[in-house]
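Undergrad: 3D model of this:
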Amino acid sequence: MHLLENTIKNYIGLICGDFKDLGPGVESYVLPSAIWKEIGSATAISNDTIPSAFGRRVPNVAEDRTYMTAEAHLVWATMYSRILLRGRFSQERYYIWHPCTILNLKSSELSSLRRRIAKYLVTQYSITTTVADSCIPDLAE
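TA: I've put the predicted structure just below:
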């Protein structure tokens, strides 16, 4: 479970442009700070619409994220990210995360998703080797 939660933390850092100082390289997936601040504000405001049974309140993700727990990262990824990130990226392929948040995938869809992610990682890795710092090593197996 914590592997997934740490991956979410890394994903947030990656789209903010502050993950291991990698930067976007030749890509354009990093969200501008004005958009990220808007997403952070919307996250804080949206807390009132998510029942507490689904998890704790999520702080503003655009501010100091050291206050976010593993649970807060998981809640943000599963309850908030699909809506808050909609239309924010310049290319459709940057939405690879969204199918991972679907809670009722069939096994055939899961196999297809694994292949899609593996293909995505191979493509990204062929562009630059620094992307390996943000990948899960055994995902493509």
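
Undergrad: going forward, measure contacts and count neighbours with C-alpha atoms only.
TA: Fine.

Undergrad: Name the SS class of the spatially most distant residue from the centre of the chain, please.
TA: Here the chain reaches farthest from its C-alpha mean at Ser108, the gap being 23.0 Å by CA atoms, centre = their mean. Classification of Ser108 using DSSP: H, G, I helix; E, B strand; the rest coil returns helix.

Undergrad: Helices of the chain, start to end?
TA: Using DSSP state H, the helices of the chain run over 2-16, 33-46, 70-75, 81-84, 107-127.

Undergrad: The fourth one: how far from the chain's middle?
TA: If I follow you right, that is helix 81-84. When C-alpha coordinates are averaged (CA atoms, centre = their mean, to the nearest Å), helix 81-84 and its chain have centres 10 Å apart.

Undergrad: Then the third one?
TA: A distance of 11 Å separates the C-alpha centroid of helix 70-75 from that of its chain, computed with CA atoms, centre = their mean.

Undergrad: For the protein, give me the ranges with low pLDDT.
TA: For the chain, applying pLDDT under 70 flags the ranges 1-5, 22-28, 90-97, 124-141.

Undergrad: Apply 90 and report the result again.
TA: The chain contains residues with pLDDT under 90 at 1-33, 46-59, 61-141.

Undergrad: what about Leu74, neighbour count?
TA: Per other CA atoms under 10 Å, the neighbour tally for Leu74 reads 25.

Undergrad: Does it touch Ile8 like I think?
TA: Yes. Between Leu74 and Ile8 a contact is recorded at 7.0 Å, counting by CA atoms under 8 Å.
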